[in-house]
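# fold the following and give me the result.
(2 chains)
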Amino acid sequence: MTTPGPRLSEYVVVDTSSARADRLWRGVRERLEAPVRPARRWALPRLALLALCGALAFAVGLKVAQRPFQAGWAKLETAAGEATVRLQDGSALTLAPKTSLGVREPSPRQVELALELGRVQCDVTPRPERSFSVHAAGHQVLVKGTRFSVDLSRERNELAVEVQSGQVEIRRAGGEASEALLGAGQRWSVRLEAPAAPAPPDPTSSDSTSSDSTSSDSVSSDSVPPDPVQGPRSNVPEPSVPPRELAAGDASAAAPRAHGSPAASSPGSRERGAEPRRHAETGARSLLDRGNAARRAGDLAGAAQAYEQLLREYPSDARVGLAAFELGRLRMDQFQDVPGAVSALTLAIRVVSDAGLREDATARLVRAFEILKDGPRCRAAREQYLEAYPTGTHVVSVASACTEK
Amino acid sequence: MAEPARINSQSGVTQSDAALVVAARAGDTSAREALFRRYMPVAIGLSQRILGRQGEAEDVVQDAFVEAFERLDRLDNPQAFAAWLRSIVVHRVSKHLRRQQLLVRLGMRTRAPIDPDTLIARGAPADVVQELRAVYGLLERLPAEQRVALVLRRVEGLELTEIATQMDLSLATVKRRLAAAEARLGRARPGVHEP
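As a prediction, this is how the structure comes out:
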């Protein structure tokens, strides 16, 4: 383990005396021996909230089925009238008459709906940390902060999405490529081959269904609630797959049709040309995921191997910078291979597109040269850092590096 | 953040984190206590630096250790206890902050400013004092997740990937939250004066 330079945390006073430790340990031990679950304190309010929701649902004429889909899903059905429900995150759903909608137990990170039949109007509260998606007839509508409707009609045998404000992305269920990107005032529809069938997603594979369609880097790894035990999900920036462009009026029997601005899109001939790139992206992403998973599980050699393989086999992939940085960290902190870390960090600095990661890599490079007692290169890297990041996070530690002759 | 083997002050025997975790899983209270004493300073420091208050930090740390010991079976890599505990502390702190902010919004609690003078060590260099004042002057006005990310970045000096690991968020989410917090920090800096 390398010893970093001073950090601001060292200047914050914290009482770590044994008297304090004794007192805290007594409290921990007592709770372990006679545990009182904090959740119980909230049991009554939760029950009251559930009762209130039930009463509201009854009042608006909604029927809440017990197990319409897989575990964790509830179904809302309307008969002759329209009904509006408000979700915990503030988003409002308006169900047209004769609509059947599955609602997955909401989490702070993810709201998932599955439209079985009918029409739902969604007023989605903007929350960057939460993904919001509607599944219908083998498609997903992915959204953040917008107003739109999804209409699944058995009579017309058609699935239609209409956006009033904001932006939504449509994908094939389980797919990662965009079927269409819709802006305000646009409508998208697809004629279904077979009678519309409900397509509730498999709750165990929800990772692939969330997406940050409005974020610049399209990372979709926020869908799993935090679980410190399991460790983080992949930090891999997803490649920004451009949505396929639509030719206006390009509507075959089963192909999606887009209305409104030409920004909406459908599959076209470009798909074949994009295949090799998609395979490369899948391979690189898989390797980065494998490396991250191995690192979390303590298999450091396996992690380094995966990162190295990514650098070797996909040198032009967008993930190379992050993989090189992680490899540099491993070599430096775990394997004490500082020269190896220098080469990985140098590569990371050269190719990584993110300013924050580049700053971290540059600060690490300073430290690596300091460990190697390579004064000239250490000072050069230090000056490079201080010039590029005068108010950077690592200024205190970098400024004090390699000050001795 | 795997820690090397340390000496158990009570028995004088060198025991790695992994050995202590295995013993603690088997119900050995002394192993639990050894882990607690080894990592209490790390946990209380992290918690207190994010929260800025001693009393609240202690509650969070006790919750974190209780959770850690109750869920020890789910720790895949026993030698990674330290990193795992840090992520639990960060998670607990975030949860505590969200709850406190909700109480403030409901009018059930007032928002007391953090007093940086009770936190900053005497003898800290002037630029460090200025930076810490700027950060702690801003914290109470930030949403919980931005606050945690900012302290991990600015005060703890963690790399982005480490923050993502500890907060159990994607790298992109961490960057978004930090960008928002840093923007407010940048705006707050010129107005920072001695209290």
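# in the chain, which ranges drop under the pLDDT threshold?
Since no chain was named, I'll use chain A. A:1-6, A:35-72, A:106, A:144-145, A:174-178, A:193-281, A:404-405 (pLDDT under 70).
# that's the wrong chain, I meant chain B
For chain B, the ranges with pLDDT under 70 are B:1-14, B:188-195.
# now do the strands in it.
For chain B, the strands defined by DSSP state E occupy B:6-7, B:14-15.
# which parts of the helix or strand where A:G340 lies are buried?
Assigned by DSSP states H and E, A:G340 belongs to helix A:338-351. Buried residues in helix A:338-351, counted by 16 or more other Cβ atoms under 10 Å in any protein chain shown: A:V338, A:G340, A:A341, A:V342, A:A344, A:L345, A:T346, A:L347, A:A348, A:I349, A:V351. Where C-beta positions appear, they are placed from N, C-alpha and C, glycine not excepted.
# do stretch B:109-124 as well
Residues of stretch B:109-124 classed as buried: B:I114, B:P116, B:L119, B:I120, B:A124 (neighbour count, 16+ other Cβ under 10 Å).
# now swap in stretch B:122-142 and tell me
B:124, B:128-129, B:131-140, B:142.
# could you do stretch B:62-70 as well?
Quick answer for stretch B:62-70 (16+ other Cβ under 10 Å): B:Q62, B:D63, B:A64, B:F65, B:V66, B:E67, B:A68, B:F69.
# now do stretch A:112-126
Applying 16+ other Cβ under 10 Å to stretch A:112-126 flags A:112-125 as buried.
# same thing with stretch B:52-61?
Buried residues in stretch B:52-61, defined by neighbour count with 16+ other Cβ under 10 Å: B:G52, B:R53, B:Q54, B:E56, B:A57, B:E58, B:D59, B:V60, B:V61.
# export those residues to TSV and append columns for distance to B:W84.
Output for those, formatted as TSV (distance: Cβ to Cβ, whole Å):
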residue	distance to B:W84
B:G52	24
B:R53	25
B:Q54	24
B:E56	22
B:A57	19
B:E58	20
B:D59	20
B:V60	16
B:V61	15
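# would you check which of those residues are in contact with chain A?
B:Q54, B:E58, B:V61 (Cβ under 8 Å from any Cβ of the partner chain).
# now these in TSV, with distance to B:L152?
Shown next, in TSV, are those (distance: Cβ to Cβ, whole Å):
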residue	distance to B:L152
B:Q54	19
B:E58	20
B:V61	16
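# the helices in chain A, which residues?
A:18-33, A:39-59, A:270-296, A:300-313, A:320-329, A:338-351, A:355-371, A:375-388, A:395-399 (DSSP state H).
# as JSON lines, these with distance to B:F81 would be great.
As requested, the helices of chain A are exported to JSON lines (distance: least, Cβ to Cβ, whole Å):
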{"stretch": "helix A:18-33", "distance to B:F81": "15"}
{"stretch": "helix A:39-59", "distance to B:F81": "24"}
{"stretch": "helix A:270-296", "distance to B:F81": "13"}
{"stretch": "helix A:300-313", "distance to B:F81": "16"}
{"stretch": "helix A:320-329", "distance to B:F81": "19"}
{"stretch": "helix A:338-351", "distance to B:F81": "25"}
{"stretch": "helix A:355-371", "distance to B:F81": "25"}
{"stretch": "helix A:375-388", "distance to B:F81": "33"}
{"stretch": "helix A:395-399", "distance to B:F81": "26"}
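# could you identify which of the ones you listed is most buried?
helix A:320-329 (a mean of 26; mean count of other Cβ atoms under 10 Å in any protein chain shown).
# contacts for that one, please.
With contact meaning Cβ atoms under 8 Å, 6 or more residues apart in numbering or on different chains, helix A:320-329 is reached by A:235-237, A:284, A:287-288, A:291-292, A:295, A:303-304, A:307-308, A:310-311, A:314, A:341-342, A:344-345, A:347-348, A:351-354, A:357, A:360-361, A:364, A:368, B:159, B:161, B:171.
# equivalent analysis for stretch B:128-143, please.
So stretch B:128-143 is contacted by A:8, A:11-12, A:396, B:52, B:101, B:111-114, B:116, B:119-120, B:124, B:147, B:150-151, B:154-155, B:181, B:184-185, B:188-189, B:192, B:195 (Cβ under 8 Å, 6+ apart).
# report the central residue of chain B.
B:L46 (3.2 Å; Cα atoms, centre = their mean).
# now that one: closest residue in space that isn't a chain neighbour?
With sequence-adjacent residues excluded and distances taken as Cβ to Cβ, 6 or more residues apart in numbering or on different chains, B:L46 is closest to B:V89, at 5.3 Å.
# thinking again about what came up before, and which of the buried residues of stretch B:62-70 is nearest to A:R156?
B:E67 (52.5 Å; Cβ to Cβ).
# returning to that earlier point: who touches the residue nearest to the centre of chain B in this structure?
B:R86, B:V89, B:V90, B:V93, B:E156.
# number of nearby residues for the first one?
The reference is to B:R86. B:R86 is flanked by 23 other residues according to other Cβ atoms under 10 Å in any protein chain shown.
# that one and B:M167 touch, don't they?
No: between B:R86 and B:M167 there is no contact, the gap being 10.3 Å when judged by Cβ atoms under 8 Å.
# go through chain B and flag its longest helix.
As assigned by DSSP H, the longest helix anywhere in chain B is helix B:81-105.
# next, the buried residues of that one.
The neighbour-count check on helix B:81-105 (16+ other Cβ under 10 Å) flags B:81-94, B:96-97, B:100-101 as buried.
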